[in-house]
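>>> build me a model from this:
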Amino acid sequence: MKRYRFVFLLLAVVAATSCVYDYQPQIDGEGGYLIVEGNIVVGGQTDISTSWSWSLVDTTQSDERWRILASNKMHIEASDGTRYENRNAAGSWYYGSRGVFDLREADPSLQYRLVIENDKGTYVSSWASPLPPGQIDSLSYRISEDKTTMSILVAAHSDNTRDSYYRWTVSETWEYHADVASYYKYVEENGKGDVVRLDPKESLYYCWSSARRPEIMTGTTQGLAEDRLADFQLYTIGNHDPRTSIVYRTDVQQMRIPEDAWRYWQVMKRNSSDVGGLFSPEPSELRGNVVCLERPEELVLGYVGVMSVTTARLYIKSYEARFYKAPRAVLPTPDTLNTPSDWREAFQKGWAPGDAVWDESGSRMLGYEWWPMYCLDCRTKGGTKNRPFDWPNSDI
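Alright, predicted model coming up:
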């Protein structure tokens, strides 16, 4: 019996070691890859960003990398010879560059392309004409039965077309509040400190923040009876997401894109979402529509589409949706302070007064409730006091 155990163990060791071999990774791209992000928006403002990606073993010196980045220039060409220059005076920075182009008066019947020039060569996107964007019939939201997720939905169609391919980009803005409302502030004049009433205009309780959704949102009517999408899901939000705590706004841009662009973004979406598991597919090589004229074989990452855009906006108020579930907040214990020396000491530690504290009868004030500033100042969570001009009342 012991002999069989030994033979079995020997076979297992041989089988295991036979699968071990030296791995020599193939590393291409000496000098880095150009990455291009953005679309040429005919009839609006175009925003294009470029950056470079270098491998960890790239021997290109940092000063040479900076020289390549600093030399980056871009413009947009129309098929009739019109040239649109970059309106971004900042130009390049250490990691890339940004181009801003005004194509509000551009002719939609022409073809357009992006041209990027730097010390490595000239890079161009393929010529294309903008497709009509179709129509956004509605934006809406749907809350799941268990009330844990909210889906943002779009209904869209195109007239006199078949098999449309769509892409959407989303900017979101939301109102949020500080953890604790403050009604007083601490001031010092002539070496003396005092707590005074806070002007409502100075309130640090209300803030607004904005961001772009990172998801790749694409859809198609290919195979459908008509060129129409009904309640197509763009993205979802969880019920603990603070963006939905007061008022949430989503601004959706819709574009119709050619089939090859749709396929590019499908590969991009699959690479970004399916990679990482043991049985996930290998990431596909992403070749967009930007090429280097001097070295057409060079890999350039990105797809610059030429398109026109239609937009729609949706507001979601928390008191109407009844969706947001505030996570249990663990706040520090405030101190009740009633002397100028204590106020100054707390202020120097980064604390500030919130509200007045009264005795049980409400006839005698005991002092002021002092909190760490991050509890009172909504800006510490990344937002600003800049209320959008058309922002609705939260009604709470």
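>>> drop to CA atoms for contacts and neighbour counts, all remaining ones
OK.
>>> what sits against the residue nearest in space to the middle of the chain?
Of all residues in the chain, the one closest to the mean position by CA atoms, centre = their mean is Arg212, 3.5 Å from it. Counting by CA atoms under 8 Å, 6 or more residues apart in numbering, Arg212 makes contact with Thr169, Val170, Ser171, Glu172.
>>> 6 Å instead?
Under the criterion of CA atoms under 6 Å, 6 or more residues apart in numbering, the neighbours of Arg212 are Val170, Ser171.
>>> identify the bridge partners of it.
Under DSSP bridges, the beta-bridge partners of Arg212 are Ser171.
>>> separation between it and Met373?
According to CA to CA, to the nearest Å, Arg212 and Met373 sit 28 Å apart.
>>> and what of Leu153?
Taken as CA to CA, the span from Leu153 to Met373 is 39 Å.
>>> same question, Val291
52 Å.
>>> give me the more crowded residue out of these two.
Val291 (22 against 19; other CA atoms under 10 Å).
>>> who touches stretch 134-144?
Contacts of stretch 134-144 (CA under 6 Å, 6+ apart): Thr149, Met150, Ser151, Ile152, Leu153, Val154, Ala155, Ala156, His157, Ser158.
>>> nearest spatial neighbour of the last one, chain-adjacent residues omitted?
To tie it back to what came earlier, the one meant is Ser158. Nearest residue to Ser158, sequence neighbours excluded (CA to CA, 6 or more residues apart in numbering): Gly134, at 4.4 Å.
>>> need phi/psi at that neighbour.
When read as degrees, to the nearest 10, the backbone of Gly134 gives phi 80, psi -170.
>>> and if you look at Gln111?
Dihedral pair for Gln111: phi -100, psi 150, per degrees, to the nearest 10.
>>> so Arg378 touches Ala178, yeah?
No, residue 378 isn't Arg; it's Cys. Yes. Look at Cys378 against Ala178 with CA atoms under 6 Å: they come within range, at 4.4 Å.
>>> what is in contact with these two at once?
In contact with both Cys378 and Ala178: Tyr205, using CA under 6 Å, 6+ apart.
>>> so between the two, which is more surrounded?
Comparing Cys378 with Ala178 by other CA under 10 Å, the one with more neighbours is Cys378, at 24 against 19.
>>> pLDDT at that one, what is it?
Listed pLDDT for Cys378 reads 96.
>>> next one: Leu11
41.
>>> so Tyr368 makes contact with Thr336?
Yes. Tyr368 is within contact range of Thr336, at 5.4 Å (criterion: CA under 6 Å).
>>> neighbour count: the two, which is higher?
When neighbours are counted by other CA under 10 Å, Tyr368 and Thr336 differ, and Tyr368 comes out ahead with 22 against 19.
>>> residues near Ser140, how many?
Close neighbours of Ser140, defined as other CA under 10 Å, add up to 16.
>>> quick one: name whatever helix or strand follows the helix or strand in which it is found.
Element membership for Ser140, per DSSP states H and E: strand 135-143. Moving toward the C-terminus from strand 135-143, the next helix or strand (DSSP H and E) is strand 149-157.
>>> could you tell me the angle between that next one and strand 135-143?
160 degrees (axes from the mean of the first three to the mean of the last three CA atoms, to 10 degrees).
>>> contact partners of strand 149-157?
134-143, 227-239.
>>> if you set the cut-off to 8 Å instead, what comes out?
134-144, 227-239, 323.
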